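# one predicted model, sequence on top.
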Amino acid sequence: MTKPLISILDDEPEIRTLLSDVLQEAGFDTMSFGRASAFEAALAKRTPDVCLVDLSLPDTDGLTLVHRLALEQGAIVIIISGRAQVQDRVTGLELGADDYISKPFDPAEVVARIRARLRSTRPATRASNTARFKNWTAHFERYMLEDENGDETPFSHAEGEVLRLFLDAPKRLISRAQMQTSLGGAASESFDRAMDVRISRLRTKLREDPKNPQLIKTIYGAGYIFLGDVAWV
């Protein structure tokens, strides 16, 4: 069985060594990079299962890189940063990161967060990664929405987690607490805001009227309901 591959991008050698040692001991394969240019060159050859990305990088803006990773790569993106301000956390999640860990961190927590994310994305009970609903087809293996005319719109890994959650439970109320449990987030203002942003972006990509959405309905004070009929194919 192939070990999950974790890519580590951090300009501090001590952090890279610490994370590599801990993750390899936990049963993962790792690749480490001190600069974004080397990291992105490696991505062209192989997509990792998880990217650990520091925001303070010598050769690029970390938030811009996170946004690009979320849209173009099929990897889980976890920010590990010394920027502990709430706004940095919120911005990172809004741009598509799946999780945010502040420095200094407990290495065991990093391992636990990675395992939780991998569990949440593993298709354990379904052979298909393609779902049809209304006039749409969602291709989760390549993170793409296809309309009835064959036109395609990409979605990020983080947006895909939310969409899959809805498609797995159509016409059932999904509370904030259930979203938190399923997606592995911590209860916080930043998690709630990130969910709002991801759902808003999904509605835009599904060409929903923001004032009267027909697929993803908000039940104020309770959660959300996905109203479409879903067929996994």
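All right, it came through fine.
# from here on, just use CA atoms for contacts and neighbour counts.
Noted.
# tell me which element the spatially most distant residue from the centre of the chain falls in.
Most distant from the centre of the chain: residue 149, at 27.5 Å, with distances by C-alpha atoms, centre = their mean. Using DSSP states H and E, residue 149 sits in no helix or strand.
# same question for the one 4 residues further on.
Residue 153 belongs to strand 152-154 when elements are defined using DSSP H and E.
# and the gap between the spatially most central residue of the chain and residue 9?
What sits nearest the mean C-alpha location of the chain, by C-alpha atoms, centre = their mean, is residue 158, with 2.8 Å. According to C-alpha to C-alpha, to the nearest Å, residue 158 and residue 9 sit 19 Å apart.
# how many other residues sit next to residue 85?
Per other C-alpha atoms under 10 Å, the neighbour tally for residue 85 reads 9.
# give the contact list for it.
Counting by C-alpha atoms under 8 Å, 6 or more residues apart in numbering, residue 85 makes contact with nothing.
# with residue 54 instead?
9, 10, 11, 62, 79, 80, 81.
# in the residues you listed, find the pair that's most separated.
By the measure C-alpha to C-alpha, 11 and 79 form the most distant pair in these, at 13.4 Å.
# of those two, give the one with the bigger neighbour count.
residue 79 (23 against 20).
# doesn't that one belong to a strand?
Yes. With DSSP: H, G, I helix; E, B strand; the rest coil as the criterion, residue 79 is part of a strand.
# what's opposite it in the beta bridge?
With DSSP bridges as the criterion, residue 79 is bridged to residue 53, residue 100.
# what mean pLDDT does stretch 72-91 have?
Across stretch 72-91, pLDDT averages out at 79.
# end-to-end on it?
With C-alpha to C-alpha, one end of stretch 72-91 sits 18 Å from the other.
# and stretch 68-77, by the same measure?
By C-alpha to C-alpha, the extent of stretch 68-77 from end to end equals 10 Å.
# distance from the chain centre to it, please.
Distance of stretch 68-77 from its chain centroid, counting by C-alpha atoms, centre = their mean, to the nearest Å, is 8 Å.
# please begin residue numbering at 13 from this point
With 13 as the first residue, the last one maps to stretch 80-89.
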